[in-house]
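**Q** need coordinates for the below:
(one chain, ligands or ions: 1)
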Amino acid sequence: MFDPKAYRLDEEQAGLITKARELAQANFAGRAAKWDTEATFPLENYKDLHKAGLLGISIPKANGGSGAGYQTYSLAAAEIGRYCGATALTWNMHVCSTLWSGPLADDLDMDDQMRAEQHRRRAIHYKRIVEDGAIYSQPFSEGGAAAAGGVAFGTEARPVKGGWIVNGKKIFASLSGFADYYGVLCTEVAEGEKASRRNTLYLAISAKSEGVSVVGDWDPLGMRGTVSRTLIFKDVFVPEDAALMPRGVYFQAAMRWPHMFLTLSPTYVGLAQASYDFTVKYLRGEIPGMPPVKRRMYPTKQIAVAQMQIKLEQLKSTWFQAVTEACANPSKEQVLRAYAAQYTAMEGANELAALAIRTCGGQAMLKTLPLERIYRDSRCGALMLPWTAELCLDRIGREALYEAGEKDE
Ligand SMILES: Cc1cc2nc3c(=O)[nH]c(=O)nc-3n(C[C@H](O)[C@H](O)[C@H](O)COP(=O)(O)OP(=O)(O)OC[C@H]3O[C@@H](n4cnc5c(N)ncnc54)[C@H](O)[C@@H]3O)c2cc1C
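**A** Okay, here's the model as predicted:
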């Protein structure tokens, strides 16, 4: 999708991205229909990801991982999304547990003692992933305004000797029942204190802890393999070493490293590419198991493919720039571009899938082919908090017109 020479990637980056693509093409593409039909989690794919070393893609090399930074991870995730949306989206939740606590946290302010403690703790989590293939998830959403960044998380952690007691509920918790650790955002609230976003904790809670349960059904329109059910935490004791970030650091990250919320988009860039790939193959008569459909000679088909190619290039260019420049303390222009990239990827992926269906026609939409699944999966991108398509529009408009703290008379 992103030719290393054209996009100026180095050899190491190209190697990791190629590994992700080859694995997804060879193993994940053929299995994608099964997870979608059954709405079951792609556990088999996770065994492959572990074997290939890709569960630890963003874990620092010193901890046995591949040391991939933000851009490399994003490009590898797009390649996986091209072949299986649900695997790419859930892999994102897993990898971000390491990307945020790893290279991203290294960009943030901590005193020496805090940093040393953070490195000691994250090494425990990284070892589980690299050696045992442990899977991490990121259940943040609660159904209120917290996941959009408006208020403190309602899931609360009360400090006790040696850790916390956690109580709360998370909705749409991808990997429910399959992750070994749930990377929960919650608010640390001591007796008599008021909840504050500044006191957000990021805790990896073992799925086996007493008081953790998974409830509710899972039968959605798309991204069915993510198994995003509801998690309940009832008086769960969580030890201190579960903290993926020290006190105050998640809040600092959300303020100073906003591209952390763009990490759901690579999956959808992959889906956008998949719609285009399918259309070209279909019109060229190259879809395996289908008789050639002789339509490519019609000017309407050629124009539709040209429109798709232009849309895809626009989407990829905006997004590539945003993931390439992601850093701590970005400029206002970079933040606006990140929102624009998220909006373009999330809405664009579904627009491309819709165009692909219209262009290829009825036979292309049968459940025996991947296009209708891509269409359904891509519909989910614009809903992902905290940067839903609506919230991106809202923020771009406001932040372009007002400087921080500026008010009307
Ligand atoms: C397949 C799938 C997998 C998911 N996996 C995870 C996961 O692993 N972890 C996780 O934490 N979440 C996950 N989510 C949840 C997702 O990020 C959202 O939290 C969820 O879709 C929100 O649903 P809601 O109806 O409660 O949205 P609401 O919060 O009710 O929002 C509805 C719409 O209103 C708009 N809106 C919300 N707040 C504001 C505001 N302040 N101002 C203006 N407009 C606003 C938004 O555009 C939003 O689309 C997943 C969702 C899906 C579909």
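**Q** interface residues of the stretch 251-400 of the chain facing the ligand?
**A** Contact residues (Cβ under 6 Å from any ligand atom) of the stretch 251-400 of the chain with the ligand: 380, 383-385, 388, 390-391, 394. Backbone N, C-alpha and C define where each C-beta goes, glycine included.
**Q** Thr40 against Lys34, yeah?
**A** Yes - counting by Cβ atoms under 8 Å, Lys34 is a contact partner of Thr40 at 7.5 Å.
**Q** neighbour count winner among these two?
**A** When neighbours are counted by other Cβ atoms under 10 Å, Thr40 comes out ahead of the other of Thr40 and Lys34, with 15 against 12.
**Q** using the three-state scheme, assign the more buried one.
**A** coil (DSSP: H, G, I helix; E, B strand; the rest coil).
**Q** tell me the spacing between it and Ser176.
**A** As defined by Cβ to Cβ, to the nearest Å, Thr40 lies at a distance of 12 Å from Ser176.
**Q** ok, Ala404 next?
**A** In terms of Cβ to Cβ, Ala404 sits 38 Å off from Ser176.
**Q** same check on Ser196?
**A** Distance from Ser196 to Ser176, by Cβ to Cβ: 28 Å.
**Q** looking at Ala404 and Ser176, which is more packed in?
**A** A direct count of neighbours by other Cβ under 10 Å for Ala404 and Ser176 places Ser176 higher, at 24 against 6.
**Q** do I have it right that the more buried one meets Ser213?
**A** No - applying Cβ under 8 Å as the test, Ser176 and Ser213 come out as separate, 9.8 Å apart.
**Q** what's the overlap in contacts for the two?
**A** Common neighbours of Ser176 and Ser213, using Cβ atoms under 8 Å, 6 or more residues apart in numbering, are Leu231.
**Q** reformat the residues of the stretch 251-400 of the chain next to the ligand as JSON lines; add pLDDT, distance to Gly85 and neighbour count.
**A** Below are those laid out as JSON lines (pLDDT from 0 to 100; distance: Cβ to Cβ, whole Å; neighbours: other Cβ atoms under 10 Å):
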{"residue": "Cys380", "pLDDT": "95", "distance to Gly85": "8", "neighbour count": "26"}
{"residue": "Leu383", "pLDDT": "96", "distance to Gly85": "14", "neighbour count": "12"}
{"residue": "Met384", "pLDDT": "95", "distance to Gly85": "12", "neighbour count": "23"}
{"residue": "Leu385", "pLDDT": "94", "distance to Gly85": "18", "neighbour count": "17"}
{"residue": "Thr388", "pLDDT": "97", "distance to Gly85": "18", "neighbour count": "18"}
{"residue": "Glu390", "pLDDT": "97", "distance to Gly85": "21", "neighbour count": "12"}
{"residue": "Leu391", "pLDDT": "97", "distance to Gly85": "21", "neighbour count": "19"}
{"residue": "Asp394", "pLDDT": "97", "distance to Gly85": "26", "neighbour count": "13"}
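**Q** which pair in those spans the largest distance?
**A** Maximum pairwise distance among these (Cβ to Cβ): 19.5 Å, between Cys380 and Asp394.
**Q** show the contacting residues for the spatially closest residue to Val236 that is not a sequence neighbour.
**A** Excluding the flanking residues, the one nearest Val236 by Cβ to Cβ, 6 or more residues apart in numbering is Gly211, at 3.9 Å. The neighbourhood of Gly211, defined by Cβ under 8 Å, 6+ apart, consists of 233-237.
**Q** can you give me the end-to-end span of stretch 249-269?
**A** 29 Å (Cα to Cα, to the nearest Å).
**Q** try stretch 88-107
**A** Stretch 88-107: ends 26 Å apart by Cα to Cα.
**Q** is it positioned near the ligand?
**A** Yes - for stretch 88-107, a contact with the ligand is found by Cβ under 6 Å from any ligand atom, at Met93.
**Q** okay, buried residues for that stretch please.
**A** 88-105 (16 or more other Cβ atoms under 10 Å).
**Q** narrow those residues to those in strands?
**A** Using DSSP state E, the subset of the buried residues of stretch 88-107 located in strands is empty.
**Q** quick check: residues of the stretch 51-200 of the chain near the ligand?
**A** Going by Cβ under 6 Å from any ligand atom, the residues of the stretch 51-200 of the chain near the ligand are 93, 137-141, 143, 145, 147-148, 150, 172-174.
**Q** could you pull out the strands for this structure?
**A** 136-137, 156-160, 163-173, 181-188, 200-206, 212-215, 229-239.
**Q** now do the shortest one: everything it contacts.
**A** Read that as strand 136-137. Residues from elsewhere that reach strand 136-137, judged by Cβ under 8 Å, 6+ apart: 90, 93-94, 97-98, 125, 129, 173-176, 179-183, 204.
**Q** okay, now Glu372: neighbour count?
**A** Count around Glu372 with other Cβ under 10 Å applied: 17.
**Q** before we move on, back to that, ok, the residue nearest to Val236 to the ligand distance?
**A** 20 Å (Cβ to the nearest ligand atom, to the nearest Å).
**Q** how about low-confidence regions in the stretch 301-409 of the chain?
**A** For the stretch 301-409 of the chain, no stretch has pLDDT under 70.
**Q** find the residue at the geometric middle of this structure.
**A** Centroid-nearest residue in the chain: Leu264, 3.1 Å away (criterion: Cα atoms, centre = their mean).
**Q** isn't it right up against Trp91?
**A** No - if you go by Cβ under 8 Å, Leu264 and Trp91 don't touch, sitting 11.3 Å apart.
**Q** got the confidence number for the residue nearest to Gly216 when sequence neighbours are not counted?
**A** What sits nearest to Gly216 in space, not counting adjacent residues and going by Cβ to Cβ, 6+ apart, is Thr230, at 4.3 Å. Looking at Thr230, its pLDDT is 98.
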